[in-house]
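Engineer: one predicted model, sequence on top.
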Amino acid sequence: MPELPEVETIRRGLAPLVTGAVVVDAGSHPSAKFSPAVEAVGTAIESVDRRGKYLLLGLDDGRRLVVHLGMTGQLRVVEAGDPAGGGAPAGGEAGGDPGAGPDGGDPHDRAWWRFADGRQLRFRDVRRFGRIAVVDRDLSGLPTLAALGPEPFDPAFTPEHLWARLRASRARIKTQLLSQRPVAGVGNIYADEALWLAGGHPAARRLGRPGATRLHAAIVEVLASAIDHGGTTLRDYRTALGDVGGNQLHLRCYGRGGEPCERCGTELRRAVYDGRGTTWCPRCQRR
DNA sequence: GTTGCGTCCTGGACGC
DNA sequence: TGCGTCCAGGACGCAA
């Protein structure tokens, strides 16, 4: 489930591989979630940026190719003739066999772009929770993207900002983090990790200023640490080079329900809040 | 406007 | 071994 650290790791791997590449052909799964991929044909990729969990490929016609990886999305560059790429795409007509890649490649490939040098950028997404869009440079074509909160490493993301945003809502703290509005890029894994580190209860609806300050520092710390470790691979996530991340070895809360808290030894609890599996320490994280 | 629930989607885990 | 059921979760739609 790619969150900010995973998307950032993919961006860093992808940028040197695709910057300057000219898209000469493309295809996609017929779903409207993926079919905009073909709109990039005839352009050159000028940049690879990230906003929250979204990858933004700057095109030389002024637009941006936006890719959201959803839960199981993977982006890989394959060399011309690489069996993993299914060879040169035959036909290349968008809306072909649902779920099948060009030339009968991986059936979970939802979109692909072929470059002038023969290489392909391929988007594999088993559960089809990802999506692709082509929008103007100002991102106004995607309201969700335009409404994202500040980047966690941006100076605009301050303890005061976080406190003000959390104070303005009565929703649960974790639910607010997952909304992407207080800060962009936090998903279920890092919300649990940051709340554990900050000692905040995920189901609390209010957070004092000291608590918000601790949570701010925790968000920055867990995201930066995860990027340093190459992201978290629980099942599907792979870097642009096909490698697994290493942060799953450093998780201290997420997915560890029933295990002892490494800080106090109390058994970590697991529950579902607002439809999302949540793990927390009942002793370290009191309401 | 805010909040919370249901839906989409598929592979893996698990029980029978 | 095979079948059915449950679970995971980001974004979005909808109802209250």
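Structural biologist: Cool, got the structure. This structure is a prediction, so every number in the text was calculated from the model and none was measured.
Engineer: now residue A:64. Nearest residue, chain neighbours left out?
Structural biologist: Excluding the flanking residues, the one nearest residue A:64 by C-beta to C-beta, 6 or more residues apart in numbering is residue A:56, at 5.0 Å. Every residue, glycine included, has its C-beta placed from N, CA and C.
Engineer: check for me that that neighbour belongs to a helix.
Structural biologist: No: read with DSSP: H, G, I helix; E, B strand; the rest coil, residue A:56 is strand and lies in no helix.
Engineer: please identify which helix or strand holds the one residue in the stretch 1-150 of chain A that gets nearest to DNA strand C.
Structural biologist: The nearest approach of the stretch 1-150 of chain A to DNA strand C comes at residue A:144, 3.1 Å away (C-beta to the nearest atom of the strand). For residue A:144, the host element (DSSP states H and E) is helix A:143-146.
Engineer: gap between the very next helix or strand once past that helix and the chain center?
Structural biologist: Sequence order places helix A:159-167 as the next helix or strand after helix A:143-146, per DSSP H and E. Distance, stretch centre to chain centre, for helix A:159-167: 23 Å (C-alpha atoms, centre = their mean, to the nearest Å).
Engineer: cool, and stretch A:63-80?
Structural biologist: Distance, centroid of stretch A:63-80 to centroid of chain: 11 Å (C-alpha atoms, centre = their mean).
Engineer: stretch A:143-154 now?
Structural biologist: 13 Å.
Engineer: then stretch A:143-162?
Structural biologist: Worked out by C-alpha atoms, centre = their mean, stretch A:143-162 lies 16 Å from the chain centre.
Engineer: can you name the residues in contact with that stretch?
Structural biologist: A:4, A:51-52, A:54, A:66, A:135, A:138-140, A:165, A:180-186, A:209, A:212-213, A:215-217, A:219-220, A:223-224 (C-beta atoms under 8 Å, 6 or more residues apart in numbering).
Engineer: which among the residues you listed count as buried?
Structural biologist: A:4, A:51-52, A:54, A:66, A:135, A:139, A:165, A:180-186, A:212-213, A:215-216, A:219, A:223 (16 or more other C-beta atoms under 10 Å).
Engineer: now, which of those residues lie within strands?
Structural biologist: Counting by DSSP state E, those place A:51, A:54, A:66, A:135 in strands.
Engineer: isn't the third one up against residue A:136?
Structural biologist: Read it as residue A:66. No: using C-beta atoms under 8 Å, residue A:66 makes no contact with residue A:136, being 10.6 Å away.
Engineer: so how many other residues sit close to the residue of the stretch 1-150 of chain A closest to DNA strand C?
Structural biologist: Burial measure for residue A:144: 12 neighbouring residues, criterion other C-beta atoms under 10 Å.
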